[in-house]
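Peer 1: using only what follows, build the 3D model:
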Amino acid sequence: MTPGHGISSRPHAVPENSGAPGTSDDFSAVTGATLGKARSENFPVAPAFLPRAWREGLMAVYGYARLVDDIGDGDLAPGGRDAALLGLDPAAADDRLAVLDAFEADLKRVFGGPGGPPRHPLMLALQPVVRAHGLTPEPFLGLIEANRQDQRVARYATYRDLLGYCELSANPVGRLVLQLTGTATPERIRRSDAVCTALQIAEHLQDVAEDLGRDRIYLPGEDMRRFHVAEADLRAPSAGASVRSLIAFETERARDLLDEGTPLVGSVHGRLRLLLAGFVGGGRAALRAVTAAGFDVLPGPPKPTKSGLLREVAAVLRTAPRKG
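Peer 2: Numbers count the residues shown, from 1 in each chain. Okay, here's the model as predicted:
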């Protein structure tokens, strides 16, 4: 199983007379480009063994999260189509904060706010999922705020600061999964937050070079000083000893967070247990790939193998303590 194995990229159909702008071809082009990115994630987004309602809900949530990240990273498709769908002049597509504001306005339409139905096809697909599962707006708003923060903050002085960012950028996704499946409890939310933060840190470690290309560093400044790592060291074609030591330290931190969150897997049953094991196993496999690269992440993101991912998921299923 690869991170995208078994994912159905088929979005919800656009409801008739929805008022959505564009044609069905627009819908397919916009949603297909975004949802197709699920195959490159470190974890299975919506595997085929899940009930159809869960799969469709997870893909709708993924489409939302992927699109807001693409806005924040400046990775929208060229031509300004997404901006136009959100009611902006296509020429404003490069104004990330303006597009995020328009995106938030469309989210409010998802939840019945003024202005009619949602305008963007991915938001239109999200609306029936929100209604069917009683999803709340707060996690969705957190993801928008994380991307606003990315426009203002490019460095994190402390690990605590980085955790605050992950509270916005990662933890809402896990909370939405628990809401979708009707399994949210305070304890599960706490464990889920640990897993999601670990997954975010693992991605940051894999993408040090890519993030630096965007003038962003998600390695805490206090840790860089501790390991005598300067920003110039991160621009090298391969990592020196100090950078490798820093990455090893952050890898261990992420692994500890995954261990803290692993009991979440044992607290649920059936197919949801398999899904959550996929998330945790995907994070462990990503960290193992970083370790196997000798903690040299500068040439490019170390990626887990299919067999490595399978082994990690199986290990999670064997070892996660069962409750209930």
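Peer 1: now Glu104: closest residue in space, sequence neighbours ignored.
Peer 2: Ranked by CB to CB, 6 or more residues apart in numbering and with sequence neighbours excluded, the top spatial neighbour of Glu104 is Ile144, at 5.3 Å. All C-beta spots, glycine's among them, are computed from the backbone N, C-alpha and C.
Peer 1: ugh, typo on my part, it should be Leu86
Peer 2: Ala102 (4.0 Å).
Peer 1: which residues are in contact with that neighbour?
Peer 2: By CB atoms under 8 Å, 6 or more residues apart in numbering, the residues touching Ala102 are Ala83, Leu86, Gly87, Leu88.
Peer 1: in whichever strand or helix holds it, what counts as buried?
Peer 2: According to DSSP states H and E, Ala102 maps onto helix 96-110. Counting neighbours by 16 or more other CB atoms under 10 Å, one finds that the buried residues in helix 96-110 are Arg96, Ala98, Val99, Leu100, Ala102, Phe103, Glu104, Ala105, Asp106, Leu107, Arg109, Val110.
Peer 1: got CSV for the residues you listed, with distance to Pro301 and pLDDT too?
Peer 2: Below are the buried residues of helix 96-110 laid out as CSV (distance: CB to CB, whole Å; pLDDT from 0 to 100):
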residue, distance to Pro301, pLDDT
Arg96, 23, 98
Ala98, 30, 98
Val99, 26, 98
Leu100, 26, 98
Ala102, 31, 98
Phe103, 27, 98
Glu104, 30, 98
Ala105, 34, 98
Asp106, 31, 98
Leu107, 30, 98
Arg109, 36, 97
Val110, 32, 98
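Peer 1: Ala84 and Ala92 touch, don't they?
Peer 2: No - look at Ala84 against Ala92 with CB atoms under 8 Å: they stay out of range, at 9.2 Å.
Peer 1: spatially nearest residue to Cys166 (excluding sequence neighbours)?
Peer 2: Thr197 is the one closest to Cys166 (CB to CB, 6+ apart), at 4.3 Å.
Peer 1: my read: that neighbour touches Pro172, true?
Peer 2: No - using CB under 8 Å, Thr197 makes no contact with Pro172, being 11.3 Å away.
Peer 1: between these two, tell me which one has more neighbours.
Peer 2: Taking neighbours as other CB atoms under 10 Å, Thr197 and Pro172 compare with Thr197 leading, 26 against 23.
Peer 1: gap between that one and Arg55?
Peer 2: As judged by CB to CB, to the nearest Å, Thr197 and Arg55 stand 25 Å apart.
Peer 1: same check, this time on Ala239
Peer 2: Counting by CB to CB - Ala239 and Arg55 are separated by 39 Å.
Peer 1: tell me which of these two has more neighbours.
Peer 2: Ala239 (23 against 20).
Peer 1: helix/strand/coil for the more buried one?
Peer 2: coil (DSSP: H, G, I helix; E, B strand; the rest coil).
Peer 1: picking that back up, so which of Ala84 and Ala92 has more stuff around it?
Peer 2: Neighbour count, other CB under 10 Å: between Ala84 and Ala92, Ala84 has more, with 19 against 16.
Peer 1: so for that one, what's the pLDDT?
Peer 2: Ala84 is assigned a predicted lDDT (pLDDT) of 95.
Peer 1: any buried residues in the helix or strand hosting the residue nearest to Glu104, and which?
Peer 2: Using DSSP H and E, Ile144 sits within helix 137-152. Residues Pro139, Phe140, Gly142, Leu143, Ile144, Glu145, Ala146, Asn147, Arg148, Asp150 are the ones in helix 137-152 that count as buried (16+ other CB under 10 Å).
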